[in-house]
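Peer 1: Sequence and predicted structure are below.
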Amino acid sequence: MPSLLVALVSGLLFGLGLTVSSMIDPAKVLNFLDMAGSWDPSLAFVMAAAIPVAAVGFVVASRRGTPLVGTAFHGPKATAIDRRLVTGAVLFGVGWGLVGYCPGPAFATLGLGASGPWPFVAAMLAGMAAHDLIMAIRMRRTAVA
């Protein structure tokens, strides 16, 4: 139960931060990305403030043997820059640049009752399902070979 409560509070805090910083406004995000047009640098300040806060969190976590809630830290398993990582980063960037949403802000906006991010969320979930299906097919092919 404590881990569910921590997850809930963390999610609410994350959503609040996205809302206060206007990261849930796709027009603001698109203006930030439009450096040749109506560039709005305000989100750079959001990132500049978030990076040191996250860095402190990583330093504190690295000094602990286990998390406050949970049995172990779960970091990334892959460390190499490979085709899958680059492809995922490109798809993320293209999606963000086209519609002004990425997963966190899209879900936070849905939590506010907005209907605008539904097409993005549906496409994202379809893409995730397609990825899982492709990976399952590839795993079966390598197991047979």
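Peer 2: Everything's here; your move.
Peer 1: any idea which helix is longest in the chain?
Peer 2: Taking DSSP state H as the criterion, the chain has its longest helix at helix 118-144.
Peer 1: Who are the packing partners of it?
Peer 2: helix 83-99, helix 103-111 (3 or more C-beta pairs under 8 Å, 6 or more residues apart in numbering; DSSP states H and E). Where C-beta positions appear, they are placed from N, C-alpha and C, glycine not excepted.
Peer 1: out of those, deepest packed?
Peer 2: Of these, the one with the most neighbours on average (mean count of other C-beta atoms under 10 Å) is helix 103-111, at a mean of 19.
Peer 1: ok, how many other residues are close to Met23?
Peer 2: 24 (other C-beta atoms under 10 Å).
Peer 1: right, and it touches Val46 too?
Peer 2: Yes: using C-beta atoms under 8 Å, Met23 makes contact with Val46 at a distance of 6.7 Å.
Peer 1: so how far is Leu8 from the nearest residue to Val121 once chain neighbours are set aside?
Peer 2: Spatial nearest neighbour of Val121, excluding adjacent residues (C-beta to C-beta, 6 or more residues apart in numbering): Ala106 at 5.3 Å. Counting by C-beta to C-beta, to the nearest Å, the gap from Ala106 to Leu8 is 19 Å.
Peer 1: Let me know the pLDDT of Ser3.
Peer 2: As predicted, Ser3 sits at a pLDDT of 83.
Peer 1: Equivalent analysis for the one 4 residues further on, please.
Peer 2: In the prediction, the pLDDT value recorded for Ala7 is 89.
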